[in-house]
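> this one's structure only:
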Ligand code: GRG
Ligand code: ZN
């Protein structure tokens, strides 16, 4: 019946159903609450937020739920003359917002708008990213102030490969830097010597996947460390002794997917946990059941469900956290 078309997994019992229409409404509402304090407090996250919301909508099968023209206008309004993007108009450029800008433009198939109406074309964006690489050790800074983090290295490989400009950087040195961040437990940290953390594992394994160097990963050791992240309540934590959190459904599961070990997690228990984090009335997902929802946990919960194979969701690419068919088109797989 018509009710059934509203929910993915419509033939599952109520508590196991993803509230698709509610999540779509929740994401649409984020842009229309400009009078609320929360909107202004989160201005520094705006461009990331558009990427998270847009990706969730695509995976939910509602790719047109945000207006395309306004989305492209907003992205272009965040660009600077040096090619980089800030989180919102007038805010300083940074690697992470530049990556979100590229991901959004690729997702709505509007990269050529950079050439037509951007402050620079895609080559200018590529040069902004490339000058953030330390040519001696291969690492990347997030901006001109120089903080180094494997998140920025992954962001560079992600955005440049989507624009087919990987030749702008020293990929061999970037790979060597990731290897220097590897630990004896099979995981990776934020920099050489730092403890393993699931978020950092996602970015390091993702970078190696883009560089086509997954052969360097100790897949059995890493797979067992990642599988130990599942707790009795079904949820995943990001490192030993920490609490479960929906976003690790992405950081952990995508890493397992990239090394071919998705089967090492109890998927039924995890999908139950993720669905318990939904707000069934107003939409959106929280980090854990009963907490306040936000768009960050909403996209990573939905993307985790997509990796699990939850019925009705579009497949997600485990490296890019974008719709699989979008990535296939962009990188020419
Ligand atoms: C394209 C998906 C995509 C990402 C771009 C920003 C980025 C690149 C990746 C972030 C990877 C990362 C480090 C994720 C972890 C985020 C997180 C939940 C950190 C929390 O760490 P703690 O120590 O929390 O505050 P725990 O869970 O350890 O208690
Ligand atoms: Zn989280």
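Structure's in. What do you need? If you're wondering where the values come from, they're calculated on a predicted model, not measured in any experiment. Numbers count the residues shown, from 1 in each chain. Ligands and ions are numbered 1, 2, ... in the order given.
> CA only for contacts and neighbour counts going forward, please
Noted.
> what about the residue in the stretch 51-200 of the chain positioned nearest to ligand 1, how many neighbours?
Across the stretch 51-200 of the chain, the shortest distance to ligand 1 (CA to the nearest ligand atom) belongs to residue 199, at 3.5 Å. For residue 199, the count of nearby residues is 21 (other CA atoms under 10 Å).
> That one - nearest residue in space that isn't next to it in sequence?
Of all residues not flanking residue 199 in the chain, residue 251 sits nearest, at 5.3 Å (CA to CA, 6 or more residues apart in numbering).
> Double-check that the residue of the stretch 51-200 of the chain closest to ligand 1 belongs to a helix.
Yes - assessed with DSSP: H, G, I helix; E, B strand; the rest coil, residue 199 lies in a helix.
> circling back to that earlier point, from ligand 1, how far out is the residue nearest to residue 199?
According to CA to the nearest ligand atom, to the nearest Å, residue 251 and ligand 1 sit 7 Å apart.
> residue contacts, that residue?
Residue 251 is in contact with 198, 199, 201, 202, 238, counting by CA atoms under 8 Å, 6 or more residues apart in numbering.
> Which residues of the stretch 51-200 of the chain lie near ligand 1?
Counting by CA under 6 Å from any ligand atom, the stretch 51-200 of the chain comes close to ligand 1 at 151, 155, 199, 200.
> So the second one is in contact with residue 99, correct?
Yes - using CA atoms under 8 Å, residue 155 makes contact with residue 99 at a distance of 5.8 Å.
> beta partners of residue 236?
Beta bridges link residue 236 to residue 230, judged by DSSP bridges.
> Read off the pLDDT value for it.
As summarised for this prediction, residue 236 has a pLDDT of 98.
> The one 5 residues further on now?
pLDDT for residue 241: 97.
> Same question for the one 3 residues further on.
Residue 244 carries a pLDDT score of 98 in this model.
> element containing residue 128?
Counting by DSSP states H and E, the element that carries residue 128 is helix 122-130.
> how much distance is there from that helix to the middle of the chain?
Centroid displacement of helix 122-130 relative to its chain, using CA atoms, centre = their mean, to the nearest Å, is 21 Å.
> Who are the packing partners of that helix?
For helix 122-130, the elements it packs on are helix 150-162, judged by 3 or more CA pairs under 8 Å, 6 or more residues apart in numbering; DSSP states H and E.
> Check which helices and strands the next helix or strand after the helix it packs on is in contact with.
Downstream of helix 150-162, the next assigned helix or strand under DSSP H and E is helix 171-180. Judged by 3+ CA pairs under 8 Å, 6+ apart, the packing partners of helix 171-180 are helix 198-210.
> excluding its backbone neighbours, what's nearest residue 43?
Residue 43 sits nearest to residue 88 (CA to CA, 6+ apart), 6.7 Å away.
> Next: residue 99.
Spatial nearest neighbour of residue 99, excluding adjacent residues (CA to CA, 6+ apart): residue 159 at 5.3 Å.
> What's the local residue count around the one you found?
25.
> cool, residue 221 as well?
Neighbours of residue 221 under the rule other CA under 10 Å: 13.
> For it, give its distance to residue 134.
30 Å (CA to CA, to the nearest Å).
> what do you get for residue 81?
Separation of residue 81 from residue 134 (CA to CA): 22 Å.
> Comparing those two, which residue is more hemmed in?
Neighbour count, other CA under 10 Å: between residue 81 and residue 134, residue 134 has more, with 17 against 13.
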